[in-house]
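J.: Here is a sequence with its predicted model. Questions after.
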Number of protein chains: 4
Amino acid sequence: MSTQSDQPSSGPSDLAETNRLEAFSDGVFAIAITLLVLELHAPKLEEGQRLWPALLDEWPQFAAYLASFAILGIMWVNHHSMFRQIRRADRGLMFLNLLLLLWVTLLPFPTSLFAEHLEDDNGHVAGAVYSTNLTLAAIAFSLIWWYVLRHHLVDHTMSKAEIRRSLVRYSVGTVIYAATIGISFVSAQLTLIVVFLLALYYGFEQVRTRGGTA
Amino acid sequence: MSTQSDQPSSGPSDLAETNRLEAFSDGVFAIAITLLVLELHAPKLEEGQRLWPALLDEWPQFAAYLASFAILGIMWVNHHSMFRQIRRADRGLMFLNLLLLLWVTLLPFPTSLFAEHLEDDNGHVAGAVYSTNLTLAAIAFSLIWWYVLRHHLVDHTMSKAEIRRSLVRYSVGTVIYAATIGISFVSAQLTLIVVFLLALYYGFEQVRTRGGTA
Amino acid sequence: MSTQSDQPSSGPSDLAETNRLEAFSDGVFAIAITLLVLELHAPKLEEGQRLWPALLDEWPQFAAYLASFAILGIMWVNHHSMFRQIRRADRGLMFLNLLLLLWVTLLPFPTSLFAEHLEDDNGHVAGAVYSTNLTLAAIAFSLIWWYVLRHHLVDHTMSKAEIRRSLVRYSVGTVIYAATIGISFVSAQLTLIVVFLLALYYGFEQVRTRGGTA
Amino acid sequence: MSTQSDQPSSGPSDLAETNRLEAFSDGVFAIAITLLVLELHAPKLEEGQRLWPALLDEWPQFAAYLASFAILGIMWVNHHSMFRQIRRADRGLMFLNLLLLLWVTLLPFPTSLFAEHLEDDNGHVAGAVYSTNLTLAAIAFSLIWWYVLRHHLVDHTMSKAEIRRSLVRYSVGTVIYAATIGISFVSAQLTLIVVFLLALYYGFEQVRTRGGTA
């Protein structure tokens, strides 16, 4: 802390550091969202079988692809919005950010698991694994935000009421994602729908409250 | 909108935001265009079989690879040109951009589907799926452009005539790509040729009209 | 050297060059850390088999995933910290950096090898291959640091004592990683635990000594 | 050309454009170099078979990996050096750069082909395909350099002698890579060695002539 606190807080070296952290995170988000396509497999057709119904039969993998794409997309937008408010990055923030990226990079695995078992008896477990991954990502988001507030890494322009509201918002998100773990034991397919709607809600809700700007 | 409109429109925070949106998009384009190679499979040779004719037999996968590479390449150049004219990014633009990236990241799947079925009875369906993916990407491009014009996110230097012409250009592109869906029911191989020529045309046409500069 | 030493050391072209080297490295780290997920395979279930115990049976692949993620994450943070102190990049530095990236990009292969053999007789060899990869990366890190010190590519603010301490630190890291090659012949599973703890230690240790800032 | 020539040549919009072109290229290089690892396959061991000799038996895939990594690494360094001298990017340059990236992204395919057939009768064809890919990349490099010189996109500081020498250098490189196509019909393994040595030579030669700076 000693070296850095001597410098003005908006010095070029601090900004540069946040930039590289964001660039690395952008890279990981961009790769994870693009790797999802590798979990899509062309149907293996038998002699004379037609492609179109075989593709429709594979709807679980397209549904899971769409849900994970939407979730990673929204997470990237939120990561972006969050880091716009962060002025400096220290090592602690870097490690919490790595924790978030762990769940981001892992998501293609439960996505593929979920797609494979969405229609069989193991759908509940696959759904619970998928929802747990999302919950762990939501917890990491909350930890990052709590950390940057505690270590005064955010812009000074936030009021105490804004800070409290922002912490509540992240906690609520975490609780909602945790609830989808329970939903997966009711119905795997319902989990997928709820998770997709949550992603859309988070997207549109922030568009509305913040008047269209990030 | 309120916070941002207080700032001068070319303020550093606005530019930074567009930069990160572009960086994320560049990452997704770069990854999608590079992942195409994973859909190329070395021919499985039997004892004594020669490699060269086996590779030539696999021409559909190389043709599909080349077409998708050209399309993603041109789309990146056009994305680049479009965003050079965009001054600010808001959340709505981010979501429309994510919609475009959805079709960009998906493309390796129909490419592989198309390559596999180009010479069999399912080629028509595979070609239609491929063309539909391209059409949805063209629609997303049009939506982005319509959105940035409507929300005054572009540079002020565009005249009304330029705006109208630019909207027509994007609509025409969408209609042409939609037409390739129909062509795929005539001939899958013709679809691939038309799509490849369209990509080349879009590349060269803009080189010509704009005098060699982007 | 002649051209560059005529320019002021903080000139824009020098900074740009380091930036692009860092951007390329960030890309490689981000991709390598995200590709790890492709080595995770969903368990192939037989009729009536349950998913949850099958997933738990696959613990070696999750343990290896977690260890490699932690190692690549810490390596990225350290690469970041190191390059913050580097003012200029020359071709020699670029090639040594490529040598480091060689071991970074290779890591998914021994990770998958290690995961596959963690519980069988070949675990010792797989562990030794894995540890050797990490040791070679540690050597590359040391070479980079030794090179930038020798060619005066670092900031002038480092004292001789700081330089000596930093060289010792890198050498110690290399020796410790080399020791894990030996440990792998005692127990493959112990190797994985030691390597994971080492990654955590390197993370937290630097957080502590440097007071929370990178 | 008209709009841009009104602006001072070092204006921010021009620099930004080159930056995004470089960032996209960096992304593609970084991904292609990292995807090479996906072509490495763990040996499938039979009951009681030992891992170490099985890995040694797979030397062709490691040799091909190393050669392709070295080649892509050197190509990135050279791309970097080339673009440091380029002041502006126009659409023509973008398309020639895409042509280069086509061969860059394709390389993992002939690498895997080469690794598979290095020791069998089809090694000559696999080597020729591999060398052809490299030659096409060298041609694309030459085209880019010829184009930027012809369209005055480089820094003004180059003398005519320097320009002539640089064009000769690129042509010689192309001819040498073309010669390796012929070598592959003599011996596939010799091709791999020559190609690897060429990559090292290009790296070190430029380090020497330019005194250690890029």
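T.: Arrived safely.
J.: List the backbone torsions phi and psi for the residue of chain A found nearest chain B.
T.: Closest residue of chain A to chain B, Cβ to the nearest Cβ: A:Ala30 (3.2 Å). The way it works is simple: take the backbone N, C-alpha and C, and place the C-beta from them, glycine included. Phi and psi for A:Ala30, reported as degrees, to the nearest 10, are phi -60, psi -40.
J.: ok, now A:Leu134?
T.: Torsion angles, degrees, to the nearest 10, at A:Leu134: phi -70, psi -40.
J.: give the contact list for it.
T.: A:Ile71, A:Trp103, A:Leu107, A:Tyr177, A:Thr180, A:Val195 (Cβ atoms under 8 Å, 6 or more residues apart in numbering or on different chains).
J.: Return the subset of those lying in helices.
T.: A:Ile71, A:Trp103, A:Tyr177, A:Thr180, A:Val195 (DSSP state H).
J.: Need the pLDDT of the residue nearest the centre of chain A.
T.: For chain A, the residue nearest the mean C-alpha position is A:Met75 (3.7 Å; Cα atoms, centre = their mean). With respect to pLDDT, A:Met75 scores 92.
J.: Please apply the same query to A:Gly127.
T.: For A:Gly127, pLDDT reads 95.
J.: State the distance from it to A:Glu119.
T.: 12 Å (Cβ to Cβ, to the nearest Å).
J.: neighbour-wise, which of these two wins?
T.: Remark: of A:Gly127 and A:Glu119, A:Gly127 carries more neighbours, 29 against 13, as counted by other Cβ atoms under 10 Å in any protein chain shown.
J.: so how many other residues sit close to the spatially closest residue to that one that is not a sequence neighbour?
T.: Leaving aside its sequence neighbours, A:Gly127 sits nearest to A:Ser184 (Cβ to Cβ, 6 or more residues apart in numbering or on different chains; 3.0 Å). Neighbours of A:Ser184 under the rule other Cβ under 10 Å: 25.
J.: what about A:Ser184, helix or strand, and which?
T.: helix A:160-186 (DSSP states H and E).
J.: For that helix, name the packing helices and strands.
T.: With contacts defined as 3 or more Cβ pairs under 8 Å, 6 or more residues apart in numbering or on different chains; DSSP states H and E, helix A:160-186 has these neighbours: helix A:123-150, helix A:188-209.
J.: and of these, who's closest to D:Phe95?
T.: helix A:188-209 (35.1 Å; Cβ to Cβ).
J.: List the buried residues in that closest one.
T.: A:Ala188, A:Thr191, A:Leu192, A:Val194, A:Val195, A:Phe196, A:Leu198, A:Ala199, A:Tyr202, A:Gly203, A:Gln206, A:Val207 (16 or more other Cβ atoms under 10 Å in any protein chain shown).
J.: Run through the residues that contact A:Phe141.
T.: A:Met75, A:Asn78, A:His79, A:Met82, A:Leu100, A:Tyr170, A:Gly173, A:Thr174.
J.: where does it land on pLDDT?
T.: We have a pLDDT of 93 for A:Phe141.
J.: again, but for A:Thr18
T.: Reading off the model, A:Thr18 has pLDDT 75.
J.: and it, how many neighbours does it have?
T.: A:Thr18, neighbours per other Cβ under 10 Å, totals 17.
J.: got the buried residues for the helix or strand hosting it?
T.: For A:Thr18, the host element (DSSP H and E) is helix A:12-35. Buried positions in helix A:12-35, judged by neighbour count with 16+ other Cβ under 10 Å: A:14-15, A:17-35.
J.: Same question for stretch A:35-49.
T.: Buried residues in stretch A:35-49, counted by 16+ other Cβ under 10 Å: A:Leu35, A:Leu36, A:Val37, A:Leu38, A:Glu39, A:Leu40, A:Ala42, A:Pro43.
J.: Chain B contacts on chain A?
T.: A:22-23, A:26-27, A:29-31, A:33-38, A:40, A:42, A:45, A:50-52, A:55, A:65-66, A:69, A:73, A:76-77, A:80, A:84, A:203, A:206-207, A:210-214 (Cβ under 8 Å from any Cβ of the partner chain).
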